[in-house]
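J.: curious how this folds, go ahead:
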Amino acid sequence: MNLRYLLLVSTLVTACVFSSCSSAGESQEVKDYKVQCDRGDAIGCFNLGTMYENGDGVKQSDTDALNYYGKACDLKDEDGCENYARMKKR
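T.: Reported below is the predicted structural model:
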């Protein structure tokens with residue numbers, strides 16, 4: 001019984017680590033940029049786009065990068081617009 005329990009727990013922990021289980025595991029930097037972006041700060045949105053595009057501190061996601069670059073562009077950030085357009089061409 002104890003061995004089964006140990007295997008189950010280790011499997012769940014491993015799955016959680018490799019899948020970034022929840023936003024609770026986000027760095028403070030990511031959380032701060034999300035708050036900034038939600039408040040209409042184009043730079044926060046752009047920074048999140050860059051992090052998601054490069055997989056820097058977050059799981060790499062072109063979809064999320066495109067979303068945040070789009071938000072930055074909507075907020076009149078030139079670099080956000082350029083990166084949004086570049087990624088859309090892919």
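J.: what residues are up against the closest residue to residue 44 other than its chain neighbours?
T.: In space, residue 44 comes closest to residue 36 once its chain neighbours are excluded; the distance is 2.7 Å by C-beta to C-beta, 6 or more residues apart in numbering. (Glycine included, C-beta is placed from N, CA and C.) Residues counted as contacts of residue 36 (C-beta atoms under 8 Å, 6 or more residues apart in numbering) are 43, 44, 45.
J.: which of those residues sits closest to residue 53?
T.: Relative to residue 53, the closest of the contacts of residue 36 is residue 45; by C-beta to C-beta it sits at 12.5 Å.
J.: do you know how far the residue nearest to residue 77 when sequence neighbours are not counted is from residue 78?
T.: Residue nearest to residue 77 in three dimensions, not counting chain neighbours: residue 42, with 3.7 Å by C-beta to C-beta, 6+ apart. With distances defined as C-beta to C-beta, to the nearest Å, the gap from residue 42 to residue 78 amounts to 9 Å.
J.: who has more neighbours, those two?
T.: Shown here are residue 42 and residue 78; by other C-beta atoms under 10 Å, residue 42 has more neighbours (20 against 11).
J.: got the contact list for stretch 55-67?
T.: By C-beta under 8 Å, 6+ apart, the residues outside stretch 55-67 that reach it are 20, 26-27, 29-30, 48-54, 83-84, 87-88, 90.
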